[in-house]
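[1] what's the 3D shape of this:
(2 chains)
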Amino acid sequence: MSANTVGSKNKKAPGSLSKGFRRTTFREIMKNRSLYVMLIPVILYFVLFQYKPMYGAIIAFKDFKPFLGIADSPWVGLKHFDQFFNSYYFGRILKNTILISVYQLIFAFPAAIILALLLNEVKNQVFKRVVQSVSYLPHFISLVVVCGMLLDFLQPDGIINRAIMAIGLVNEPINFLILPGWFRTIFVGSGIWQGVGWSSIIFLAALSGINPSLYEAASVDGAGRWRQMLNITLPGIMPTIVILLIINIGNFMIVGFDKIILLYNPATYETGDVIGSFVYRRGIMEANYSFTAAVGLFNSLINFILLILVNQLAKKKAESSLW
Amino acid sequence: MVYKKTIGEKAFDIFNVLFLILASIVFLYPLWFVIISSVSSATAIASGDVTWLPKGINFSAYERVFSDSKVWVAYKNTFIYVGVGTVINLVLTTLGAYPLSRRDLRGRNFIMMFIVFTMFFSGGLIPEYLNVRDLGLYDSRWAIWLPSAISAYNLIVMRTFFQSTIPDGLIESAKIEGANEYRILWSIIIPLSMPVIAVMTLFYAVGHWNSWFSAMIYLQDRSLHPLQLLLREILVASQTNDMMGGVSSGDVVAVSETIKYATTVIATLPILVIYPFLQKYFAKGVMIGGVKE
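    Numbers count the residues shown, from 1 in each chain, chains lettered A, B, ... in the order given. A predicted model of the protein is given here:
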C-alpha cells in the first residue's frame, strides 16, 4: 500500500494510472454492490456443485480412500488411466459410445431438419399447428415411462412383434431386448421419437425468419418449390444448422447413459454399454471411485477438445461459431 | 402468383400431409395404447386383443395401484420435489440472470465465462456423487434440490430475455426515484418478465417431475423416493408383487401388465392434462433461447 502511495506521487504514469483505475473500479463495484450480493448464492452454487467436483476429479490420479478424503489420498499418477486403456472394456465402450453418437448425428439430427422443412411446406396453418403440438409431446414424457413402454412393446409377445407378424414381415417373434444387434437401433430410433418434434422448433424459428420476398422473387423467376428450397430455404437456415451441429458434436461423447441403464441388460452390454453407463456401474454400484473418475475425466476431456476443434473449424469454414 | 404448381408439386403436397398424419399417429399411439390397455381386462391384453380400443373395460388395475401406500408416498414426494425444487431454481436463476444482464456490472464477462464453462466441462458423475456425500446431503431431500439448483442454460436464456426486453432507461429512472436493486428486480423486472418466468417454471417443474437418476443414486431411504423411481421399479425391474394380492398364479403375468399400464398413466396424466395449455409456452422458451445477443 505504502509503495503505491509513493508511486502515485511520481508523475510518471503507471502507478497513478493503475491507482486511478483501481479507484474507479472500486467505485463501480460499490455502486452496484447489491448486484454482487445477489450473485453470491449463484456463485456459491457454481463453486460448490460444479467447480468443487472438478477439483474432486483429481482422484483420477489418486487411490481415493473415503476415510482419507480427496486431499490426503495417495497419488498414483496415471495408474487408473493405464488400467482403463489396457482393459477389455476400453475398446468396447469407446466403440459403443462413438457408434451411438454417430448414428444420432446421421439419423436424429437430420430428422429434425426434415420435419421442420416438411412442416414449413404445409399451407394449412391449423393442421401445421396440430402436428407441431403432437410432435412435441414425447419430449415431455419421462424417460422412465419411455423406456418402460419400449421394454413392454418390444417383448416377444409385445405389440411390435404382434404387428410385424400380422403384416407378415417375420414368422417368429424377434426378441429385441436381448439381441445385441438391435440395441443401438432401438436406442437411436426411440430417441428420434422422443426428440424430433422438439428439436425441430429451433429450425422452424429459423425458417420463419427468412424474408418472404425472396420466395416471391424466385417464383417470378420461375423457380419451382424444389429449387426454392435448395436455393433459399436451406441457405437461410444454414447458420442455425451449423451452430446446432457444433453443439451436437460438442456433446459427441455424452450419450444419455440414464436411458442406457434403463434399457440395457447383461445380454446387450456388448453393443449398449457406453462410457457413462460403465462409469455408473463400476463407480457407483461397485464403488471403484478412482478408476471410474479417470474414465469419466477421459470422457470429459475428449469432449471438450472436440468442442474446441469443431468450433475453430466452423469459425474458419462457415463463419459462424459459438464464441 | 406467376408460378403454377406442377403435378409433381401437387403430389408432394398430398404425400406431405399423409406423411405428417402418419407421423402424428406414431407420436401418439404408444401413449394411446398404454391408456386403453390400463382400462382393459387382463385376459384381453394377454390374448393380444387390445389394439385400437379398450376391451373389457374395468378399473381394477387402478384400484390395485391406489391401494398400495407406496404410490401415495411417492406421489407426495414428487410434489415436494417439484414444488420446493422449482422455487429454488427460479429464485437462484433470477438472482443470477438479473445482475448479469446489467451492462454496467464490472466483471460481468468474467462471471459469464465462469458459468458458461460449466456447460462444456464437468467433473463427471463420480466426483459429483462424492461431492454430494461429502457435503452431507446423501439420503436427504437436499440432494435432489441443490445439485440441480441452477441450469446454466436457463440462466443464459433468462439473461438474454432481460437484456432484450427491458430498456436500460427504465432501470435508470427507477434508480433516480430512489429504488434500490432489490426493489427494481421485484417490482419492475419480474412483472415485465412473466413470459420468461412462465417458461422457466415449466422447464424446471417438468424436469423435476420426470427426474429419477439423482433420487436413485442419492436416496436410500424408500420413504423419500419420488414417483419416477417407484415407476422404474415397476416398469423396468418388473416389481409388482406388492400389488398382486389375491391374483391366481395363472393371471400373474397379465395382471402385472395392467398394473404397469395403470402406473404409467398415473405418472404421466398430470403432464398430459396440462400439456395442451402449456405447450405454446414451451415452444416460446426455445425461441427465446435461440435469440443470440
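
[2] which one is the spatially most central residue of chain B nearest to, not counting chain neighbours?
    With distances taken as C-alpha atoms, centre = their mean, the residue of chain B nearest its centroid is residue B:206 (2.0 Å). Take residue B:206 and drop its neighbours on the chain: the residue closest to it by C-beta to C-beta, 6 or more residues apart in numbering or on different chains is residue A:140, 5.8 Å away. For the C-beta atoms, the positions are set from N, CA and C on the backbone; glycine is no exception.

[3] dump the residue contacts of that neighbour.
    B:206, B:210, B:271, B:275, B:282 (C-beta atoms under 8 Å, 6 or more residues apart in numbering or on different chains).

[4] How much space separates residue B:131 from residue B:218?
    Applying C-beta to C-beta, to the nearest Å, the value for residue B:131 to residue B:218 is 11 Å.

[5] List the residues that contact residue B:219.
    B:139, B:143-144, B:225, B:229.

[6] swap in residue A:42?
    Taking C-beta under 8 Å, 6+ apart as the test, what residue A:42 contacts is B:92, B:95-96, B:150, B:155.

[7] Buried residues, the helix or strand the residue nearest to the centre of chain B falls within. List them.
    Per DSSP states H and E: residue B:206 is located in helix B:194-210. When burial is assessed from 16 or more other C-beta atoms under 10 Å in any protein chain shown, helix B:194-210 yields the following buried residues: B:196-197, B:199-210.

[8] which other residues reach that helix?
    A:140-144, B:78, B:81-82, B:85-86, B:89-90, B:93-94, B:144, B:148, B:151, B:154, B:157-158, B:161-162, B:190, B:228, B:270-271, B:278, B:281-282, B:284-285, B:288.

[9] right, and the helix or strand after the helix or strand where residue A:93 lies?
    Element membership for residue A:93, per DSSP H and E: helix A:88-103. Note on helix A:88-103: by DSSP H and E, the next helix or strand toward the C-terminus is helix A:109-120.

[10] Can you dump the C-alpha atoms of that next one in PDB for me?
    What follows is helix A:109-120, C-alpha atoms only, in PDB (Å, rounded to 0.1, in the frame of the first residue of the first chain):
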ATOM      1  CA  PHE A 109     -30.100 -34.600 -36.400                       C
ATOM      2  CA  PRO A 110     -31.300 -34.500 -40.000                       C
ATOM      3  CA  ALA A 111     -34.700 -35.900 -38.900                       C
ATOM      4  CA  ALA A 112     -35.500 -32.700 -37.100                       C
ATOM      5  CA  ILE A 113     -34.400 -30.600 -40.100                       C
ATOM      6  CA  ILE A 114     -36.500 -32.700 -42.400                       C
ATOM      7  CA  LEU A 115     -39.600 -32.500 -40.100                       C
ATOM      8  CA  ALA A 116     -39.200 -28.700 -40.000                       C
ATOM      9  CA  LEU A 117     -38.900 -28.400 -43.700                       C
ATOM     10  CA  LEU A 118     -42.000 -30.600 -44.300                       C
ATOM     11  CA  LEU A 119     -44.000 -28.600 -41.700                       C
ATOM     12  CA  ASN A 120     -42.800 -25.400 -43.400                       C
END
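
[11] Identify the residue spatially nearest to the residue of the stretch 101-250 of chain A found nearest chain B, adjacent ones excluded.
    In the stretch 101-250 of chain A, the residue that lies nearest chain B is residue A:148 (2.9 Å; C-beta to the nearest C-beta). Of all residues not flanking residue A:148 in the chain, residue B:235 sits nearest, at 2.9 Å (C-beta to C-beta, 6+ apart).

[12] since we're on the one you found, how many residues are nearby?
    27 (other C-beta atoms under 10 Å in any protein chain shown).

[13] And for the one 5 residues further on?
    Summarising burial for residue B:240: neighbours were counted as other C-beta under 10 Å, giving 23.

[14] The nearest residue to it once chain neighbours are set aside: neighbouring residues, count only.
    Spatial nearest neighbour of residue B:240, excluding adjacent residues (C-beta to C-beta, 6+ apart): residue B:256 at 4.4 Å. When neighbours are counted by other C-beta under 10 Å, residue B:256 registers 20.

[15] what do you get for residue A:186?
    Close neighbours of residue A:186, defined as other C-beta under 10 Å, add up to 21.

[16] how is chain A carved up into domains?
    According to automatic domain parsing, chain A comprises the domains A:2-61, A:80-317.

[17] Among those, show me which one is buried the most.
    Each of the domains of chain A was scored by mean neighbour count; the highest is domain A:80-317, a mean of 18, by mean count of other C-beta atoms under 10 Å in any protein chain shown.

[18] Thank you kindly, that will do.
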